[in-house]
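**Q** how would this look folded up:
(chains A, B, C and D)
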Protein chains: 2
Amino acid sequence: MTIANRKQREKEEMRSLILDAARTIFLEKGYEQASIRAIAEKIEYSPGTIYLYFKDKDEIFHALHEEGFSRMLKKMQPLQHVQDPFERLKAMGAVYLDFAQNNRDFYDLMFILQAPIKHEIDMEDWKMGHQTLDYLKNILRECQEQGRFRGRDINYLSFTIWSMVHGMSALYCRDRCKAYHDVNLEPKELMENGYKIFISALEKF
Amino acid sequence: MTIANRKQREKEEMRSLILDAARTIFLEKGYEQASIRAIAEKIEYSPGTIYLYFKDKDEIFHALHEEGFSRMLKKMQPLQHVQDPFERLKAMGAVYLDFAQNNRDFYDLMFILQAPIKHEIDMEDWKMGHQTLDYLKNILRECQEQGRFRGRDINYLSFTIWSMVHGMSALYCRDRCKAYHDVNLEPKELMENGYKIFISALEKF
DNA sequence: AAAAATAATGAACAGTGTTCAGCGGACAAA
DNA sequence: TTTGTCCGCTGAACACTGTTCATTATTTTT
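**A** Predicted coordinates:
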């Protein structure tokens, strides 16, 4: 059975070889500008080979999509050590914004890009997305047990909060922060202070 | 001088003929999937002709970009009749969200698409964008004169509010509202109730 | 009516994602 | 060891993309 094992291993090695190349090129050029030929050239194989390991460009995209969520979830791990749920909520938002700023292209891939969402959302791909969202909802529930956000629907509340941090992140990723260039405000400043205002609002809520 | 006039008129007619076709195709297929050949075919001219009226695909995009802002500004006109600035602020957010939902692809074009923003933002293209943003800032100033949002920086405040409504709109446009499909919540519901929560937060702020 | 200027064409170029007949080396059976 | 069957891989080919430009057609000026 060792030969079958080796075959299996080689197949997986090839997949991750392709994915490594794809990641750098996707994140360098974006989904549309990244070409299969460029990925093939990077790993010194012919374009056709890639189609032996991935059905199409979308499938490569989805693999990276998943990697993005996995990276984000990892960054969220330390939050479990924050006792107070409201503090945890605030920290989660900060981690989220940080992730978007430091992994701009992964963020784009995960939350903005349309391209291959033909394959329907809330399938396998979004398992981790749901996981993150559920984590947020649970924090909110804990906050409610402490008396915060009394009487508010958890789903709507989570959507509001997600929209807030996503809004900033999306404006950042797609360079709309430049709308504040005329008043000499940098994206980083905007997001930091914008988030502070949001937090104050939540505190009084 | 009548012949020069006619030439001028014909040139403009041709431009708007192209733009009409481009708009339907752009909004149907999105920026990347819309092809010059498809636009040419729709108006029954050869592909080359389009390049006699527009430098490239980006220039067509920018013309539509401007049209989007012009449409949005028009929808904002009635707001001037709302006396109370805070009421006007609330109404502005509602108009914004409404625009995003009912002109999804224009909204995408204006605030999400990356494609041809190579041409730099805050040039001519963003004149109307800045106009809208300034309008928001002025409302906020009026609110402050009434004692609301005391001591807050207008720029950061406007960014927070913009991010909020953009966040919802962007999640809507890029189908991330589907993350709530498992709890049977429709995008419209989410946005309506999410916005209500945001408004309550602003009221207590 | 001839000449000049303008407008429109469509073939061509370099690029894209994707497919597939065929090649060559590794494996199994003789 | 030789034979025969796989199977990973190739790269040419297909149908598409944005863009350019020599050529042709039309209109205006002389």
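
**Q** and the strand or helix carrying A:Ile18, what does it pack onto?
**A** Using DSSP states H and E, A:Ile18 sits within helix A:2-33. Packing partners of helix A:2-33 (3 or more Cβ pairs under 8 Å, 6 or more residues apart in numbering or on different chains; DSSP states H and E): helix A:36-42, helix A:57-76, helix A:104-107. To be clear about C-beta, it is placed using only N, CA and C from the backbone, and glycine gets the same treatment.

**Q** and that helix, does that touch DNA strand D?
**A** Yes: counting by Cβ under 7 Å from any atom of the strand, DNA strand D has neighbours in helix A:2-33: A:7, A:11, A:14.

**Q** now the buried members of those.
**A** Buried by 16 or more other Cβ atoms under 10 Å in any protein chain shown: A:Met14, out of those.

**Q** and whatever residue of chain A ends up closest to chain B, how far from B:Tyr172?
**A** Of all residues in chain A, the one sitting closest to chain B is A:Gly167 (2.7 Å; Cβ to the nearest Cβ). As defined by Cβ to Cβ, to the nearest Å, A:Gly167 lies at a distance of 12 Å from B:Tyr172.

**Q** the two: who's more crowded?
**A** Ranked by neighbour count (other Cβ atoms under 10 Å in any protein chain shown), A:Gly167 and B:Tyr172 place A:Gly167 first, with 26 against 21.

**Q** OK, contacts around A:Asn193?
**A** Listed by Cβ atoms under 8 Å, 6 or more residues apart in numbering or on different chains, the contact set of A:Asn193 reads B:153, B:156, B:159.

**Q** that one: which element?
**A** Going by DSSP H and E, A:Asn193 is in helix A:187-204.

**Q** okay, the helices and strands packed on helix A:2-33 in TSV with mean pLDDT, distance to chain B and mean neighbour count next?
**A** As requested, the helices and strands packed on helix A:2-33 are arranged in TSV below (pLDDT from 0 to 100; distance: least, Cβ to the nearest Cβ, whole Å; neighbours: other Cβ atoms under 10 Å in any protein chain shown):
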stretch	mean pLDDT	distance to chain B	mean neighbour count
helix A:36-42	97	16	17
helix A:57-76	93	12	18
helix A:104-107	88	11	19
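
**Q** what does chain A put close to DNA strand C?
**A** For chain A, the residues in contact with DNA strand C (Cβ under 7 Å from any atom of the strand) are A:3, A:6, A:34-38, A:47-48, A:51, A:56-58.

**Q** the same query, at a cut-off of 10 Å, please.
**A** Counting by Cβ under 10 Å from any atom of the strand, chain A comes close to DNA strand C at A:1-4, A:6-7, A:10, A:25, A:29, A:31-41, A:46-52, A:54-61, A:116.
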